[in-house]
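Have a look at this prediction, sequence included:
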Amino acid sequence: MLKTCNKITSLVHQLGNLLLKPEAVLHQQLRTTFILKRKHAAPLHKKGMPLKRLRAKHYIYELVKDTDREKKPNLDLILTHYVDNLGNPGDKVSVKNKFAYDRLLLPGLAVYATPENLELYKDYKRSEDEVVHSSPYAVETAKELSKKVLSVVMNMDNPWTIQPWHIKASFRKCGYVIPEDAVTLPAQPITGPNIEMEDKEFFITVTINNFETVDVRCRIHHWTTDLAARLPHIHEFWKENKGTVFPANDSNLPEKEI
Amino acid sequence: MSSQAIKSLALYKRVTEIDRGLGPRLPEAYKKFYKEWKLTEPAAVHSIPEEGKWRRDEVTGQVFPIQNHPIPVRYPAEYNNQIWGGEGVVQGFEKRHKYNRRVPHFWVPALKRSAVYSEVLNKHVSVIITERAVQQIHENYGFDHYLLKTLACDLKSLLALSLKRKILQELSQGCPAYANNPEKQQMILNRYKKYLEAYTPEEINWYGYSFEDACTKYKNLIETQNPVVPLKVVYRAELIEKLKTAAESAIQEDKDISGAASWIQKINPFSKKHET
């Protein structure tokens, strides 16, 4: 009986030690910039005399402001190089502090929008070898489209020839709104229905803002309302390589990114 | 002790490390920097100083003088290898509830590793820095402007001060980092030359050293100007010189003797070389 009592007592002591550790009692210290003020004002001293000795109560501080927690205003910069999703050289942009410092100022892609720099970049002349883009988002859009494999769904029952509006409709299904005049089809017409062309690739050229061009992979997929004749669903069809519609143009196709 | 005597005591200059030992012998250029670094009051970072000379109590209407007691800030040893932008560690107490006892607390700045780019040196430097320092860099439109505009008492850190010295030296030499691009070199010199007006070349060379480093530099300078030669070397040289002169004088004496004996040889009939 005495042994069990001793065991219980020792357990209680251990638990007490665990719970009463200073880490458990004190909350986690925040590590930021602080502006403090004294809870008790320091005693006044006579003119020309040294400060009076402060007591412990004069070292009790209250937090007035934590500057690191405040929302900081955006930084105004002038771009010196083209930056995706931001702009061309010479453009004035306003971006968040951290992004501005880490991604633009340190790599030397931008400078501060000082009066001197504003004057310097006011009549910015682009050099001949400098690449200019139609908009800040054009390159990003082109990259995005080049990664896509567009499924062009065509009728299995009625004859057809692929037209720009077919491509426009296929893009719309993927969530891209593209005008018909921005689509350039291959020189040879693609006609069907032809089951041999099922899942075979051809590429089209999409023009962005009448300036940048990007090649987009397309794959023909035959569709019918007849459930019996319908082709089976292929999961992740873009990973399978079934060849091209025009074997002579194999070398022209860009490498597939998956 | 009378109150007058106590008042007069306050007029005496407090003795610092620069007033004893090798300190008084250091050049004026370093003393000027030291005064700016250690004896100038830095800008308040962890408190908002009250402005004006007097304030009125809103309740009682009493008028009190305004006396700003700065909050004591501590700077650990690592501070000199980092750029904290004037921040430091505040040691004090926190009263978390009116019925609770005060709790000891340290207010520590948030440190992060980042890089700073010096346009004059044309170099990126990886440093541990605080958010306040980054904000000050933005406010001054660049790291070089921040270092050159800010006083030594606000920079404090030896790393920041040594970088400032290097930047000033680079500017005084005409930016050799851009020697292959004269147009850029000229642009940078025009942008930063206004900061050189405040310093003489000697002040630039003595800027940003700690007291110990300045003493070491001064000792080395004295040694190069007046090299201390051990006495054994001096005595050895003197002895060699004496021996040389002794040998030369002996040879000379021999010559003199031989010169004197030559006329006897001429008339000596038994000599081998007989001249008539």
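Sure thing, it's come through. Numbering: from 1, shown residues only, chains lettered A, B, ... in the order given.

Do a quick rundown of the strands in the stretch 51-200 of chain A.
Shown for the stretch 51-200 of chain A, the strands assigned by DSSP state E, counting those that start in this stretch span residues A:61-66, A:75-79, A:92-95, A:110-112, A:149-155, A:160-161, A:183-184, A:191-192.

Rounded mean pLDDT for the first one, please.
Same thing as strand A:61-66. Strand A:61-66 shows a mean pLDDT of 87.

For that strand, name the packing helices and strands.
strand A:34-38, strand B:90-94 (3 or more C-beta pairs under 8 Å, 6 or more residues apart in numbering or on different chains; DSSP states H and E). Any C-beta I mention is one placed from the backbone N, CA and C, and that applies to glycine too.

Make CSV from those strands and add mean neighbour count to it.
Listed next are those as CSV, based on neighbours: other C-beta atoms under 10 Å in any protein chain shown:
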stretch, mean neighbour count
strand A:34-38, 18
strand B:90-94, 18
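
mind checking the SS state of B:L243?
helix (DSSP: H, G, I helix; E, B strand; the rest coil).

meant to ask about B:V116, not that
strand.

Could you double-check that B:R132 lies in contact with B:G88?
No. Counting by C-beta atoms under 8 Å, B:R132 stays clear of B:G88, with 10.9 Å between them.

joint contacts of the two?
Counting by C-beta atoms under 8 Å, 6 or more residues apart in numbering or on different chains, the contacts common to B:R132 and B:G88 are B:45, B:109.

Okay, and B:Q186 sits in which element?
helix B:182-192 (DSSP states H and E).

Run a quick neighbour tally on the closest residue to A:D199 other than its chain neighbours.
In space, and not counting its chain neighbours, A:D199 is closest to A:K242: 4.3 Å by C-beta to C-beta, 6 or more residues apart in numbering or on different chains. A:K242 has 14 neighbouring residues, counting by other C-beta atoms under 10 Å in any protein chain shown.

Next: B:P70.
Applying other C-beta under 10 Å, we find 14 residues neighbouring B:P70.

For it, list the residues it contacts.
B:41, B:44, B:47.

leaving aside the residues next to it on the chain, what's closest to the last one?
If the residues on either side of it in the chain are set aside, B:S47 comes closest to B:I71, at 4.8 Å by C-beta to C-beta, 6+ apart.

which element is that neighbour on?
Here B:I71 is assigned to no helix or strand, by DSSP H and E.

quick one, helices of chain B?
B:3-9, B:28-38, B:131-139, B:143-149, B:152-155, B:158-172, B:182-192, B:201-205, B:211-225, B:231-267 (DSSP state H).

In a markdown table: the ones you listed, plus distance to A:F34 and mean neighbour count.
As requested, the helices of chain B are exported to a markdown table (distance: least, C-beta to C-beta, whole Å; neighbours: other C-beta atoms under 10 Å in any protein chain shown):
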| stretch | distance to A:F34 | mean neighbour count |
| --- | --- | --- |
| helix B:3-9 | 36 | 10 |
| helix B:28-38 | 24 | 18 |
| helix B:131-139 | 10 | 20 |
| helix B:143-149 | 22 | 22 |
| helix B:152-155 | 18 | 19 |
| helix B:158-172 | 21 | 20 |
| helix B:182-192 | 34 | 15 |
| helix B:201-205 | 35 | 16 |
| helix B:211-225 | 30 | 13 |
| helix B:231-267 | 62 | 10 |
